[in-house]
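Colleague: Structure here, sequence nowhere to be found:
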DNA sequence: TTGCTTATGGAACGCCGGTCCAAATGGACG
DNA sequence: CGTCCATTTGGACCGGCGTTCCATAAGCAA
């Protein structure tokens, strides 16, 4: 296997395989069929080759999916693009861009991991850290704060988005929420005082807004500790 | 399949199978071998039966793992136990209890999902909501805030804990961090100004403290919006 | 042309999740 | 105490998966 090395020294075949090509095709298949539907046999057929050839460019399925997820993470930077913004909303915009990217490729949400080793995951953490460093925060807290934000972005996105890949595709999100809400209503209010009271909010909530609501809480906490106490 | 119904009407066999028994054995096997190592064949052998019998009590592997993860979540309540505390540290203690429970069963971290349908996931969200409701927060924000905290707890725990299940068990966590730190050091500081600067923090950080650091940021954000502005 | 490295792709291996169904079990009823 | 029947069991089996193996092809250097 070549793995880490770059392209072939020169020309190569016209129909040459490459890791980028394989990962690209994998992303398409994952979008279409989900993680369970991605198969080395199917992927090979898609690329007019055999399963064995793929293993020359990719170690195994885990690595393939990880690379595919990292490529999706790259979409977020393409959409975001502008690193030169003021601190607060810079972090906010970056976070939302990541959420949106993962939202369009739900299978990827549960495969972006930390501490990052893949290219785009590295870029993400670095950008967050750079934005955090522009705050008034003492330097020795930069790492903890940056990773906390990074963990929030990828972890909470995964929590919100992943369920969509699990549920039967035949039942819509609204129907699923309505069902869940009804089940909550049938619980004993003595055991579940909160849930039985909040079913309407469950029905009405928008995933993206919830991600942002929590994000704003987190960033508010950041500002509280960043500025010792701003004038009232 | 019986699935949702309770026990057999009366006695039943001495060596009778049950969902609890199966899930309990599954947890042991998952602790020992991880998700990939859990097999219906192996589990059946462990319980002195055949794979077919298990499917009478459990729909499929996904459900089995979800039930097992929910049982692990239950451990957190056993450790926490005291719902009658003041608001701030009540949420904090509950969150940490969940993190610790998942920390001891890493395979479970990526399988606690929301919106909850399983027993202990429901209990968790309800407790969080109840504690949030004791804050001065307006009632129409309870749902968003409670789910944000719930998402943080399960999502960030998963981010922090899950990688441990992936890495080769032969290499220690410290070695892995050292390797990663070195790779970060070798990056171009022009492309990765933050990462190349913060490798020592990566080496030294404790996972549990990082979870708590982010949690405190989030809860600070909650207090900021809860109290309009406390006296200075 | 020759020899070697790089890359291919199809056959084969071992194992898995899941289904099927013949048989065993043990109360309910007479 | 014997018969019946719903419940539950468990082993054989199926299709398909990830991965490995290896005979072969394609490009490159001499």
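Modeller: Yep, that arrived. Fair warning: this is a prediction, and the values are worked out from it, not measured in the lab.
Colleague: How far away from the center of its chain is stretch A:177-184?
Modeller: In terms of CA atoms, centre = their mean, to the nearest Å, the centre of stretch A:177-184 is found 27 Å from the chain centre.
Colleague: whoops, I mixed them up, stretch A:18-38
Modeller: Centroid separation between stretch A:18-38 and its chain, computed with CA atoms, centre = their mean, is 16 Å.
Colleague: wait, isn't residue A:211 in contact with residue A:158?
Modeller: No - assessed by CB atoms under 8 Å, residue A:211 is found out of contact with residue A:158, at 10.9 Å. Any C-beta I mention is one placed from the backbone N, CA and C, and that applies to glycine too.
Colleague: How about the secondary structure of residue A:17?
Modeller: coil (DSSP: H, G, I helix; E, B strand; the rest coil).
Colleague: What confidence value was assigned to it?
Modeller: At residue A:17, the model reports a pLDDT of 88.
Colleague: can you tell me which residues contact it?
Modeller: Contacts for residue A:17 were tallied using CB atoms under 8 Å, 6 or more residues apart in numbering or on different chains; they are A:47, A:49, A:53, A:54, A:56, A:57.
Colleague: Residue A:22: neighbour count?
Modeller: Each residue near residue A:22 was counted by other CB atoms under 10 Å in any protein chain shown, and the total is 23.
Colleague: Please determine how far it is located from DNA strand C.
Modeller: Taking CB to the nearest atom of the strand, to the nearest Å as the measure, residue A:22 falls 9 Å from DNA strand C.
Colleague: wait, does the helix or strand harbouring that residue contact chain B?
Modeller: Using DSSP states H and E, residue A:22 falls within helix A:19-37. No - if you take CB under 8 Å from any CB of the partner chain as the test, helix A:19-37 misses chain B, and the best it gets is 10.1 Å.
Colleague: Helix or strand next in line after that helix, which one?
Modeller: Once the chain leaves helix A:19-37, the next helix or strand it forms, by DSSP H and E, is helix A:40-46.
Colleague: how distant is the one helix or strand in chain A whose mean pLDDT sits lowest from the center of its chain?
Modeller: Within chain A, no helix or strand scores below helix A:163-166, which has a mean of 88 by mean pLDDT, DSSP states H and E. Mean-position distance between helix A:163-166 and its chain equals 14 Å (CA atoms, centre = their mean).
Colleague: So what touches that helix?
Modeller: Helix A:163-166 is contacted from outside by A:34, A:35, A:106, A:107, A:173, B:62, B:113, B:114, B:115, using CB under 8 Å, 6+ apart.
Colleague: rerun at 7 Å
Modeller: Around helix A:163-166, the neighbours that count as contacts under CB atoms under 7 Å, 6 or more residues apart in numbering or on different chains are A:34, A:106, A:107, B:113.
Colleague: now the third one: how far from DNA strand C?
Modeller: For residue A:107, the distance to DNA strand C (CB to the nearest atom of the strand) stands at 18 Å.
Colleague: go on, the second one?
Modeller: Remark: distance between residue A:106 and DNA strand C (CB to the nearest atom of the strand) = 20 Å.
Colleague: Residue A:172 versus that residue, what's the distance?
Modeller: Computed as CB to CB, to the nearest Å, the residue A:106 to residue A:172 distance reads 15 Å.
Colleague: Of those two, which one has the most company?
Modeller: Using other CB under 10 Å as the criterion, residue A:106 and residue A:172 rank with residue A:106 on top: 22 against 10.
Colleague: The more buried one is in contact with residue A:161, isn't it?
Modeller: Yes - using CB atoms under 7 Å, residue A:106 is in contact with residue A:161, at 5.0 Å.
Colleague: Using PyMOL, define a selection of the buried residues within the contacts of residue A:17.
Modeller: A single PyMOL command suffices to select whichever of the contacts of residue A:17 are buried according to 16 or more other CB atoms under 10 Å in any protein chain shown:
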select buried, chain A and resi 47+54+57
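Colleague: Pipe the contacts of residue A:17 into TSV and attach distance to chain B, secondary structure and pLDDT per row.
Modeller: Shown next, in TSV, are the contacts of residue A:17 (distance: CB to the nearest CB, whole Å; DSSP: H, G, I helix; E, B strand; the rest coil; pLDDT from 0 to 100):
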residue	distance to chain B	secondary structure	pLDDT
A:47	27	coil	97
A:49	27	coil	96
A:53	25	helix	97
A:54	21	helix	98
A:56	22	coil	97
A:57	21	coil	97
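Colleague: Among the contacts of residue A:17, which ones lie close to DNA strand C?
Modeller: Taking CB under 7 Å from any atom of the strand as the test, DNA strand C is in contact with A:49, A:53, A:56, A:57 out of those.
Colleague: Next, work out how far apart the closest residue to the second one other than its chain neighbours and residue B:16 are.
Modeller: Spatially, and ignoring its direct neighbours in sequence, residue A:53 is nearest to residue A:17 (6.0 Å; CB to CB, 6 or more residues apart in numbering or on different chains). As for residue A:17, its distance to residue B:16 is 55 Å (criterion: CB to CB).
Colleague: So, low pLDDT: which residues of chain A?
Modeller: Scanning chain A for pLDDT under 70 picks out A:1-14, A:81-89, A:225-232.
Colleague: can we see that at 90?
Modeller: The model of chain A has pLDDT under 90 over residues A:1-17, A:78-89, A:113-117, A:135-136, A:164-171, A:222-232.
Colleague: Quick one: the helices in it, in order.
Modeller: Assigned by DSSP state H, chain A shows helices spanning A:19-37, A:40-46, A:51-54, A:61-80, A:87-103, A:119-133, A:142-161, A:163-166, A:173-185, A:199-204, A:207-226.
Colleague: these two touch, right, residue A:107 and residue A:33?
Modeller: No - Residue A:107 is beyond contact range of residue A:33, at 9.0 Å (criterion: CB under 7 Å).
Colleague: For residue A:184, the count of nearby residues, please.
Modeller: 23.
Colleague: Pull the contacting residues for it.
Modeller: Contacts of residue A:184 by CB under 7 Å, 6+ apart are A:195, A:196, A:199, A:202.
Colleague: Now residue A:199: closest residue in space that isn't a chain neighbour?
Modeller: In this structure, residue A:199 finds its nearest non-sequential neighbour in residue A:181, 4.2 Å apart by CB to CB, 6+ apart.
Colleague: measure the residue nearest to residue A:53 to residue A:42 for me?
Modeller: The separation that residue A:17 has from residue A:42, given CB to CB, amounts to 16 Å.
Colleague: just residue A:167 next, same as before
Modeller: 23 Å.
Colleague: what does residue A:195 give?
Modeller: The gap separating residue A:195 from residue A:42 is 42 Å, by CB to CB.
Colleague: Show me which of the two is the more surrounded one.
Modeller: When neighbours are counted by other CB under 10 Å, residue A:195 comes out ahead of the other of residue A:195 and residue A:42, with 26 against 14.
Colleague: Wait, that one touches residue A:188, no?
Modeller: No - using CB under 7 Å, residue A:195 makes no contact with residue A:188, being 10.2 Å away.
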